[in-house]
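>>> I'll drop the sequence and a predicted model, then ask my questions.
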Amino acid sequence: MPDTPDAPEMEYRELAVTGAYAFVPQVFPDARGDFASPYQEGVFTAAVGRPPFPVSQASRSVSRRGVVRGVHYTLTPPGTAKYVYCAAGRAVDVAVDLRVGSPTFGRWEAVELSGDGGEAVYLPPGVGHAFAALEDGTVMCYLLSQEYRREHELALSYFDRELGLPLPVASPLLSERDRRAPTLAEAAARDLLPRY
């Protein structure tokens, strides 16, 4: 641990999506490298107004430059809360409000996350998540409130014109599932969107 007791540990702000937050930890560099704490329970509780969700699973992905993952979300209920940070590389991380009845339904906000800064985002259940990797070897880490269950996993098209999500990479690389994902309107017509 760094010897800087008076330094602020982490800043936070609410995103344009109701209930979603961005966190920026203090980074402590020295001759060996640096130290940061991308997740801090006390700051999370102060920001969100309640203690963090019990973590049921921790996951990570490694992506090449140009990979786009998402927009992913889970059936609600049960829904999955996510706390996401970038351990290496850089990514544009996007939170999309997919909750029917939410005051920010359809709204999104993009945040750049990097391994150098330790920034993180919190996404409550019903908020979609996507990111675009800006560098080879981009490592994204996730704390999840539910364990992965294939039958609960859903996706929307990142290229849905109604959403208008930013595309910071040329020639994006997507999984077959993400390429075939429905638009927001198609998912709504099939009653696949979460409720607020």
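That came through, no problem. The shown structure was predicted, so the numbers you read here are calculated from the model rather than taken from an experiment.
>>> can you confirm residue 44 is in a strand?
No - read with DSSP: H, G, I helix; E, B strand; the rest coil, residue 44 is helix and lies in no strand.
>>> was I right to think it contacts residue 22?
No - counting by C-beta atoms under 8 Å, residue 44 stays clear of residue 22, with 11.9 Å between them. Using the backbone N, CA and C atoms, a C-beta is placed for each residue, glycine as well.
>>> which one in the chain is furthest away from the centre?
residue 31 (31.3 Å; C-alpha atoms, centre = their mean).
>>> give me the pLDDT value at that residue.
Predicted confidence (pLDDT) at residue 31: the value is 96.
>>> which residues touch it?
With contact set as C-beta atoms under 8 Å, 6 or more residues apart in numbering, residue 31 has no partners.
>>> can you check the one 3 residues further on too?
Residue 34 makes contact with 27, 28, 116, according to C-beta under 8 Å, 6+ apart.
>>> list the strands paired with the helix or strand encompassing it, with their directions.
Using DSSP states H and E, residue 34 maps to strand 33-35. Strands that pair with strand 33-35, judged by DSSP bridges, come out as strand 28-30 (antiparallel).
>>> so how far is the strand it pairs with off the chain centroid?
Centre-to-centre, strand 28-30 and its host chain are 26 Å apart (C-alpha atoms, centre = their mean, to the nearest Å).
>>> ok, now stretch 186-196?
Put simply, stretch 186-196 sits 20 Å off its chain's centre (C-alpha atoms, centre = their mean).
>>> start the count at 43, not 1, going forward
All right, first residue 43 from here; so that's stretch 228-238.
>>> do me a favour and average the pLDDT over it.
The average pLDDT within stretch 228-238 is 96.
>>> any buried residues in it, and which?
Under the neighbour-count criterion of 16 or more other C-beta atoms under 10 Å, stretch 228-238 has 229, 234, 235, 236, 238 buried.
>>> now the helices for this structure?
Ranges of helices in the chain, per DSSP state H, are 83-90, 218-221, 226-231.
>>> turn the contacts of residue 76 into a markdown table, including distance to residue 196.
Putting those into a markdown table (distance: C-beta to C-beta, whole Å) gives the following:
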| residue | distance to residue 196 |
| --- | --- |
| 69 | 35 |
| 70 | 39 |
| 158 | 32 |
